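**Q** predicted model follows, preceded by the sequence.
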Amino acid sequence: MDRIDASRTALVLVDYQARLLPAMGGGANVLAHALLLADAAALLGVTIVGTEQNPAGLGPNVDVIRERCARTLAKTHFDACEDGLLDALGAVPEVVIAGCEAHVCLLQTALGLRRAGKALWVVAPACGSRDAADHALAMQRLRDGGATIVGTEMVVFEWLHDCRHPRFREVLARLKARPAAPTPPAVSAPRHDARVRQRPASAATTMAATRRGASAPDPVPDDTPIDPRRRMP
């Protein structure tokens with residue numbers, strides 16, 4: 001497939017609604033990627049179309065998404081193509097798409113765009129699902145359906161194409177300003193693992209006692225806590 005050409009693409013942002021985002025896994029990071037895509041698209045002249053699923057019930061997209069879209073379509077179908085997206089895109093032959101939930105509205109809208117003959121790039125880090133397994137299945141289904149799965153910076157740098165692009169520095173500044181993904185908290189090792197790591201000391205005690213002719217101490221059963229006051233001779 002050819003590179004992603006800014007002059008031939010539109011950006012579609014699906015259902016970044018305030019009542020949905022908090023339920024998405026890594027929702028803040030998903031939104032940060034979507035905003036980066038939108039800011040780069042605006043600088044590079046790429047049309048941005050948003051969608052909102054049943055806004056009467058779920059509310060509108062978050063303001064930071066809505067204000068970046070040239071047009072926002074309300075819809076009731078999970079596939080936005082059923083509610084006017086194709087008309088909004090016009091003759092543009094290629095679409096970069098991201099949104100929520102990855103395995104529902106994003107998936108069905110993307111498949112609708114493929115059926116309409118659009119070349120399609122799905123930006124995985126800017127797509128959200130409640131469950132990571134659903135996100136992974138959605139990306140696989142889309143790949144099988146003819147979409148290309150890409151990352152945010154892949155799209156942005158292919159849009160730029162050349163470091164001599166007149167907007168390169170502005171786009172680069174936004175890339176550098178994007179917050180890093182949060183670091184997962186450290187997980188404490190289970191107590192059983194801690195006992196396993198201490199067992200070599202007990203073996204050393206046994207070998208030392210054997211060399212002195214003393215009888216070996218009884219082995220420590222698996223379910224007996226090791227006394228931290230026990231010392232090697």
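**A** Sure thing, it's come through. Just so we're clear, the structure is a prediction, and the values are computed from it rather than from any experiment. Numbers count the residues shown, from 1 in each chain.

**Q** now do the SS call for the nearest residue to Val123 once chain neighbours are set aside.
**A** Nearest residue to Val123 in three dimensions, chain neighbours excluded: Ala98, at 4.2 Å (C-beta to C-beta, 6 or more residues apart in numbering). Every residue, glycine included, has its C-beta placed from N, CA and C. State at Ala98, reduced to three classes by DSSP: H, G, I helix; E, B strand; the rest coil: strand.

**Q** next: Arg68.
**A** coil.

**Q** how about it, phi and psi?
**A** phi -90, psi -10 (degrees, to the nearest 10).

**Q** about what we covered before: quick check: bridge partners of the residue nearest to Val123?
**A** Note on Ala98: beta-bridge partners by DSSP bridges are Leu13.

**Q** that one and Phe168: what is the separation?
**A** Between Ala98 and Phe168 the computed distance is 23 Å (C-beta to C-beta, to the nearest Å).

**Q** which residue of those two possesses the greater neighbour count?
**A** Under the neighbour definition other C-beta atoms under 10 Å, Ala98 and Phe168 were set side by side, and Ala98 has more, 28 against 16.

**Q** check contacts around the closest residue to Ala132 other than its chain neighbours.
**A** Of all residues not flanking Ala132 in the chain, Gly25 sits nearest, at 5.7 Å (C-beta to C-beta, 6+ apart). Listed by C-beta atoms under 8 Å, 6 or more residues apart in numbering, the contact set of Gly25 reads Gly128, Ser129, Arg130, Asp131, Ala132, His135.

**Q** any chance of those residues in JSON lines, plus pLDDT?
**A** Putting the contacts of Gly25 into JSON lines (pLDDT from 0 to 100) gives the following:
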{"residue": "Gly128", "pLDDT": "97"}
{"residue": "Ser129", "pLDDT": "96"}
{"residue": "Arg130", "pLDDT": "95"}
{"residue": "Asp131", "pLDDT": "95"}
{"residue": "Ala132", "pLDDT": "96"}
{"residue": "His135", "pLDDT": "97"}
